[in-house]
Structure formats: structure tokens, C-alpha cells
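Novice: 3D, please:
(2 chains)
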Amino acid sequence: MTRSRELLVRVAVTVAVFGVLIGALSLSEQPFDFASVWAHRGQYFKGLGITLVATACAYVIGLTLGVFVALARLSRTLWIRHLGDLYVEIIRGTPVMVLLMLAYWGIAPLLGVDDKLLVGILTLGIFSAAYAGEILRAGIESIERGQFEAARSLGLSRRQTLRHVVLPQAFKRMIPPLTSELIALTKETSLLWIIGVFELTAAAKGTGAHTYAYLEAFLVAAGMYLCITIPLSFLARNLERRLGYEARMGVHL
Amino acid sequence: MTVPRVELKNVSRTFGSVRALVDIDLQVAEGEKVVFIGPSGSGKSTLLRCVNALEVPDRGEVFVDGEPVRTDASDIDALRAEVGMVFQHFHLFPHLTALENVRLAPRLVRGDRDERTALQLLDRVGVADKRDVKPDLLSGGQKQRVAIARALAMGPRAMLFDEPTSALDPEMVGEVLSVMRDLAGEGMTMLVASHEMGFAREVADRVYFLDEGRIVEQGPPEQVFDDPREERTKAFLSMVL
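Specialist: This next block holds a predicted model:
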């Protein structure tokens, strides 16, 4: 299929899907009331800013901590490995909402911390580290044993092997799951309103309560989340393509 | 008496209940070419892998030029660099070009920034024109020749070949064997696990037949191939020849 034809099909399907959705929603007797949502635009932009800041900070914390989680789980020392295992099992196995409440109403008062955003970011970062750690570990383990052996047989040290042979190959394989994690995290920040952080979902909720235009208020929020997440997908796909070194064949089932 | 280039003393290695190597004693002098034959699982690979410490013997010791090979030694990286290894499945680094594959170890281990040696090596194995090509776009024969150049780049004192032609299409076996033949002609000490009987006959000083982790029979190729003493050797040779 030619590129232009492919684009045509994609645009047509997208327009059709949105047409059906909007058509179905406008069957209700009340007309759309985006005007009153627009009146609250300041709230939305403030919420969007906090969502972006929280996502970015939590992601960086998650990745940094995730490196240590992965290294721990790959360690040659049993007790370190077990610490890594415990971290992943406990953090990944608990609902993020429970963790948030535990952190804000349970742990933060003990430490005398009162900054809601800080607690939220740290909690999401700690939560994300369990996933990021697993992505990094799986990426490293996906590199075949022969690569380690070839590198070591040439006299490269463990560290050089990791740095120059394993990680460059593993990184490319990690891009799709790390992007998924970033997108998941963007959406998980929408739970922060529960502990009182004024992010995008809180802005939509407030606007809905003020105007009773709940449908419009949350449609706008949904649209704004998509404006963050869809470009991320594109960026990741481009990065993956740019790092590609294998002869590529498209796989379609 | 001169010190053997490679020596295994009473080496045993067990994987679970599988005895991969049993009391192997072996000496390879400088410049000698030794070929190991035997059914799959006979211990050929494990033996080679013990020489550059990719495998650690449960018992016994391995020496290169009289220096013991131990994975726990602090200079194990340096020791490994002294012995080149060529794998059945090449294990080229897929994210690097042919030239970068050859240059990586000298650059990282020795701080050698000069690419001339690497280029000469690629030329020597006949793939100089593929210097900027990544492994995925090379044929099997070309990959294995780059892999040989990569192993030679550290100037090893001995080369280990673990079934270097077994994963190749038949028409590519010749080009790899010819590179190995040249290397043998230049006096390289070589330990080769292979079923290429023609190559063994032509190049090997000695042939070892291994079965179930033991050396069943050894001798000059013409003796082992044409006049084997052991029944197991005869049975094996009648299957592969």
C-alpha cells in the first residue's frame, strides 16, 4: 500500500470514529456548553501545568530509582537481589491510590511533611520505579548471553560490557515499554486530586461542579490528556526508528 | 622443557547431573593446531570455554603460558584478552559496524585509538569493503570472518574456534575455512571444535575424539580418521564421514 493511500485510510477511519462519537453525544436534548468551560480556562491551564510537572518529576524519580531496582534484581548477591524483588512485588502489587493515601494520611504526618504535590510526586515516583526497574531488567536480560560472552572473551570488563555492548542494544528495546510507562504515569497523576493536588482532573471536576457542564468539562480534560500522550507516542516511535540497526520487516497478523 | 601455550590439568566440569568434562589432561604447544571432534554434548565446547574462563572447572586447572586461568583473579579480563574466541553463532555486536566491532576491544581495553590495525585485519579476512556495514546486512560467512578479525584484534596468543562453520550455509563454509587455514599457516596456536574433517586432515597436528566428556582417542589426523583404535571413534566417524 502506498504511503498516501495509507494516510487516507487512517484519516478516514479517525474522522468516522469521532463523527460517530460526537453524533451520539449530541443526541441529548441539551446543546453542548463549551462556553462555560472556556470561562474556566485559567483553571485548566493551571491544572495542566501541575500535571506536566508532576509527571516529569515522578518519571525522573522513577527512572533513577528504577536503575537501582534493576541493578539490585540482577545482582550476584542474593540478599541484594531479594531486596529488589521485595520492592517490585510490594510496590507493584499495591493500588497506587492506596499508596497515595497511605503516603499522605499515614506517612507524611509522621515525617512532618505537608506539601501535597511533593508527597504526590514522590509516591508516584516510587510507584513508577517498580515498573521502570522491571522494564530495565527485562531489557538487559533480553540481550542474548552470547553478547556478554563475546565481550568478555575480548577482555572487556563487566562494566564495559554493560556500557558499550548490552545497554545500547537494550535501550532500543526499552523505548516502547518506557514510553508506555510515561503515558501511564501521565494518567496516574489524575489520582492526585484525592490528596488535594490541583491538577488537570481536579480542574475539570471543579469546572463541572461550578457549571454543571460535566460532559464538556471532562471531554476537555480528556482532550488535554490526549494532547500530551499522543505526541509522546510519536516521539518514541521516531526515536526507536532512528536507533534501528536491524533490517526491518513490517509484521502484520 | 618449554611451557605449553595451553594446558588443562585434570579438568572436570559438571552441569547438574551431566558430566560435561571428566579428568581432561591436555597440552597444546605454541603454534600447534588441535581439532576436537565428537557428538554434540561430548564436551568440546565446554573444553574450549574453560580455556578463556567462560566456564569454570569444578576440579582441575587451566593454564595459558603457565599462568593459571581463574575467573576470580583480578586480571581475568587481561587473561581473556590473551585468548581469542570465535563462536558458532558469531555474536557480533549488532549495533556496531564491522570496523567498530573489530575496534571496540582494543579501544576500550588498551586505549588504542588507531583504526589502521582494525582495517588491516578486515582486509586480511577479505571484508575490508564491508567496514561500515552493520552485521545484520552481512552474510553468515562475512559475519564469521568479521568475528575472526575481532578476535585477532587483541593480538591473542591462541585462538579458540567453537564450531565456526556449523551455522553457515554450505557455500560459505569454504571462505571461513580458508581464513582459518591462512591463520594456521602464520603459526597461530589454534584449538578448534569442528566436524570439518577435510580441514582437520589438512591443518591439524592432532585430533581429539571426545565422547561423554572424556578424551576417547587422540592422534595425528590420518591415524584418528583412517585407522581409529576405539569402537566409539569408528562408530562416530562412520556416521559423519
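
Novice: mind checking the SS state of residue A:102?
Specialist: Residue A:102 falls in the helix class when you classify it by DSSP: H, G, I helix; E, B strand; the rest coil.

Novice: distance check, it against chain B.
Specialist: From residue A:102 across to chain B, the span is 43 Å (C-beta to the nearest C-beta, to the nearest Å). Bear in mind the C-beta positions are built from the backbone N, C-alpha and C, glycine included.

Novice: ok, that residue - how many residues close by?
Specialist: Other residues within reach of residue A:102, judged by other C-beta atoms under 10 Å in any protein chain shown, total 13.

Novice: do the same with the one 4 residues further on
Specialist: Residue A:106 is surrounded by 10 other residues when neighbours are defined as other C-beta under 10 Å.

Novice: ok so it is a helix residue?
Specialist: Yes: counting by three-state DSSP, residue A:106 is located in a helix.

Novice: secondary structure element for the residue of chain A found nearest chain B, which one?
Specialist: Per C-beta to the nearest C-beta, the residue of chain A with the smallest distance to chain B is residue A:155, at 2.7 Å. Under the criterion of DSSP states H and E, residue A:155 resides outside all helices and strands.

Novice: so residue A:140 sits against residue A:74, correct?
Specialist: Yes: proximity of residue A:140 to residue A:74 meets the contact threshold set by C-beta atoms under 8 Å, at 6.4 Å.

Novice: quick check: closest non-adjacent residue to residue B:133.
Specialist: residue B:98 (5.6 Å; C-beta to C-beta, 6 or more residues apart in numbering or on different chains).

Novice: so what pLDDT did that neighbour get?
Specialist: Here, the pLDDT recorded for residue B:98 equals 97.

Novice: how about the one 4 residues further on?
Specialist: At residue B:102, the predicted lDDT confidence score is 97.

Novice: quick check: the gap between it and chain A.
Specialist: Residue B:102 is 10 Å from chain A, by C-beta to the nearest C-beta.

Novice: nearest residue to that residue in space, please, no chain neighbours.
Specialist: Residue B:102 sits nearest to residue B:118 (C-beta to C-beta, 6+ apart), 4.2 Å away.

Novice: the one you found falls within a helix, correct?
Specialist: Yes: the assignment for residue B:118 is a helix, going by three-state DSSP.

Novice: that one and residue B:141, how far apart?
Specialist: 19 Å (C-beta to C-beta, to the nearest Å).

Novice: repeat that for residue B:230.
Specialist: 34 Å.

Novice: quick one, which of those two is more surrounded?
Specialist: Set residue B:230 next to residue B:141 and count neighbours by other C-beta under 10 Å: residue B:141 wins out with 22 against 13.

Novice: residues contacting that one?
Specialist: Applying C-beta atoms under 8 Å, 6 or more residues apart in numbering or on different chains, we find residue B:141 in contact with B:168-169, B:172-173, B:175-176.

Novice: so what pLDDT did residue A:248 get?
Specialist: With respect to pLDDT, residue A:248 has a value of 58.

Novice: how about residue A:128: what's its closest non-neighbour residue?
Specialist: Leaving aside its chain neighbours, residue A:128 sits nearest to residue A:62 (2.9 Å; criterion: C-beta to C-beta, 6+ apart).

Novice: element containing that neighbour, please.
Specialist: Short version, using DSSP H and E: residue A:62 is in helix A:41-73.

Novice: mind giving me the packing neighbours of that helix?
Specialist: With contacts defined as 3 or more C-beta pairs under 8 Å, 6 or more residues apart in numbering or on different chains; DSSP states H and E, helix A:41-73 has these neighbours: helix A:78-92, helix A:116-141, helix A:167-188, helix A:200-211, helix A:214-242.

Novice: mean neighbour count added to those, as CSV?
Specialist: Below are these laid out as CSV (neighbours: other C-beta atoms under 10 Å in any protein chain shown):
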stretch, mean neighbour count
helix A:78-92, 14
helix A:116-141, 22
helix A:167-188, 18
helix A:200-211, 20
helix A:214-242, 15
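
Novice: adding mean pLDDT and distance to residue B:68, write those helices out as JSON lines.
Specialist: Listed next are the helices and strands packed on helix A:41-73 as JSON lines, based on pLDDT from 0 to 100; distance: least, C-beta to C-beta, whole Å:
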{"stretch": "helix A:78-92", "mean pLDDT": "96", "distance to residue B:68": "28"}
{"stretch": "helix A:116-141", "mean pLDDT": "96", "distance to residue B:68": "31"}
{"stretch": "helix A:167-188", "mean pLDDT": "94", "distance to residue B:68": "32"}
{"stretch": "helix A:200-211", "mean pLDDT": "95", "distance to residue B:68": "65"}
{"stretch": "helix A:214-242", "mean pLDDT": "92", "distance to residue B:68": "46"}
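
Novice: what would the ones you listed look like in CSV with distance to residue B:61?
Specialist: Output for the helices and strands packed on helix A:41-73, formatted as CSV (distance: least, C-beta to C-beta, whole Å):
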stretch, distance to residue B:61
helix A:78-92, 28
helix A:116-141, 32
helix A:167-188, 35
helix A:200-211, 67
helix A:214-242, 48
